[in-house]
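K.L.:
When you get a sec, could you give me coordinates for this:
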Amino acid sequence: MRKKFVVSVSNLKPGENPLTLSFPSSLIETKDAEIPGNIDAQLILRRNGDRIDVRGDVHFLAKLVCSRCLTNFKKEFREKIEVEYRQEIFRPKGLKVDLRRIINQDYYSGDEIDLFPLIRDTVILALPMAPVCKSDCKGLCPICGKNLNEGECGCKREETHPWKEMLKGIKEQIKRG
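P.N.:
Residues are numbered from 1 along each chain as shown. Sure thing, here's the model as predicted:
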């Protein structure tokens, strides 16, 4: 299955080479999200000598759990890909490396480029560490646990800030002298 991600550089014609990939999400292991269905990638591989520019996007749907209210929700992702592949012999040696340049650059050896790591990393990095079902999610009541997006619960909650409590304690210590 991974063979379809490997591109032979010598088989790419100069200029644009479109590539469409669709594969089951089970090939990518995710811990906090379920990706039902397929992951689709629409790519253009542009060959310029030994340099291969890969542009396009990866599209998938993820089932997530809101980090505020614990509600399950679905989110659609369309992530851009822009990477320049160069032959391994052009990899810089030593410590003088321009990080701005190497972020979107990778290397290949021989005649093959494996696109799977690029697509896998794009999917994994797109998934949020603390997903939120909507930007104004109110979360759960810290007292009774009710989802506050469904309405108020009636619990008496004081809006306190940790700094406010700390300052109140310092103020009392000053009064006591």
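
K.L.:
Where in the protein is the helix or strand with the lowest mean pLDDT?
P.N.:
Every helix and strand in the chain was compared by mean pLDDT, DSSP states H and E; the lowest is helix 99-102, with a mean of 56.

K.L.:
Tell me how far the nearest residue to S10 once chain neighbours are set aside lies from V7.
P.N.:
In this structure, S10 finds its nearest non-sequential neighbour in D111, 5.2 Å apart by Cβ to Cβ, 6 or more residues apart in numbering. To be clear about C-beta, it is placed using only N, CA and C from the backbone, and glycine gets the same treatment. From D111 over to V7 the distance is 9 Å, taken as Cβ to Cβ, to the nearest Å.

K.L.:
Which one of those two is surrounded by more residues?
P.N.:
V7 (20 against 12; other Cβ atoms under 10 Å).

K.L.:
does the more buried one have beta-bridge partners, and which?
P.N.:
Bridge pairing for V7 (DSSP bridges) gives the partners I113.

K.L.:
In this protein, mark out all the strands, start to finish.
P.N.:
Here the chain has its strands, by DSSP state E, at 6-8, 15-24, 38-48, 51-65, 72-87, 105-108, 112-114.

K.L.:
Count the neighbours of L64 for me.
P.N.:
Applying other Cβ under 10 Å, we find 20 residues neighbouring L64.

K.L.:
Which one, of the strands of the chain, ends up nearest to M166?
P.N.:
Among the strands of the chain, strand 51-65 comes nearest to M166, with 32.8 Å by Cβ to Cβ.

K.L.:
That closest one versus strand 38-48: what angle between them?
P.N.:
With axes from the mean of the first three to the mean of the last three Cα atoms, to 10 degrees applied, the angle from strand 51-65 to strand 38-48 works out at 160 degrees.

K.L.:
Sort out which residues of strand 51-65 are buried, please.
P.N.:
Neighbour counts using 16 or more other Cβ atoms under 10 Å place 52, 54, 56, 58, 60, 62, 64 of strand 51-65 among the buried residues.

K.L.:
what's next to stretch 43-58, contact-wise?
P.N.:
With contacts defined as Cβ atoms under 8 Å, 6 or more residues apart in numbering, stretch 43-58 is touched by 7, 9, 12-21, 39-42, 77-87, 108, 113, 115, 118-119, 122-123, 126.

K.L.:
any idea of the pLDDT on L45?
P.N.:
L45 is assigned 96 on the pLDDT scale.

K.L.:
Compare the strands of the chain and report which one is nearest to C133.
P.N.:
strand 72-87 (4.4 Å).
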